[in-house]
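**Student:** This is a predicted model, with the sequence first.
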Amino acid sequence: GVVGASGAVGKEIVGCLEKRSFPVGKLRLFGSTRSAGREVATAKFGKVTVELFSETSARECDVVFLAVDGDFARSHAENICEGEDGAVVIDNSSA
């Protein structure tokens, strides 16, 4: 999953996943209430609808890329990866 998918960094992460043939079974994009519901056209993954971010939804992913600000990352990263059933979090913020 990509949190902050509609921002510049999130778009770049999606582009890298496509270009590098990163093994993705299902791409999930997460955003704010402003972005949720938007469709994002991708070359490799087709049209993907941005979901409203929640820690519960992000934890359903195997890997979560955070393309958000440092405060948001500090507030949510540990909860997303907590426990044996948590996701691997790759944080691209300044946190």
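**Tutor:** Yep, it's here.
**Student:** can you give me the helices in the chain?
**Tutor:** With DSSP state H as the criterion, the chain has helices at 8-19, 55-59, 70-81.
**Student:** Looking at the ones you listed, which is nearest to F45?
**Tutor:** Minimum separation from F45 across those (C-beta to C-beta) falls at helix 8-19, 7.2 Å. Every C-beta, even on glycine, is put in place using the N, C-alpha and C of the backbone.
**Student:** Taking helix 8-19 as reference, get the angle to the lengthiest strand in the chain.
**Tutor:** The single longest strand within the chain, with elements called by DSSP state E, is strand 46-52. Angle of strand 46-52 versus helix 8-19, following axes from the mean of the first three to the mean of the last three C-alpha atoms, to 10 degrees, is 140 degrees.
**Student:** Kindly export strand 46-52 (C-alpha atoms) in CSV.
**Tutor:** Only the C-alpha atoms of strand 46-52 are listed here, as CSV (Å, rounded to 0.1, in the frame of the first residue of the first chain):
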residue,chain,number,x,y,z
GLY,A,46,-4.8,-0.3,-14.0
LYS,A,47,-7.2,2.1,-12.4
VAL,A,48,-6.9,2.1,-8.6
THR,A,49,-9.3,3.9,-6.3
VAL,A,50,-7.8,5.9,-3.4
GLU,A,51,-9.1,4.6,-0.1
LEU,A,52,-9.5,6.7,3.0
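**Student:** by contact count, what packs against that strand?
**Tutor:** Contacts defined by 3 or more C-beta pairs under 8 Å, 6 or more residues apart in numbering; DSSP states H and E place strand 46-52 against strand 29-31, strand 39-42.
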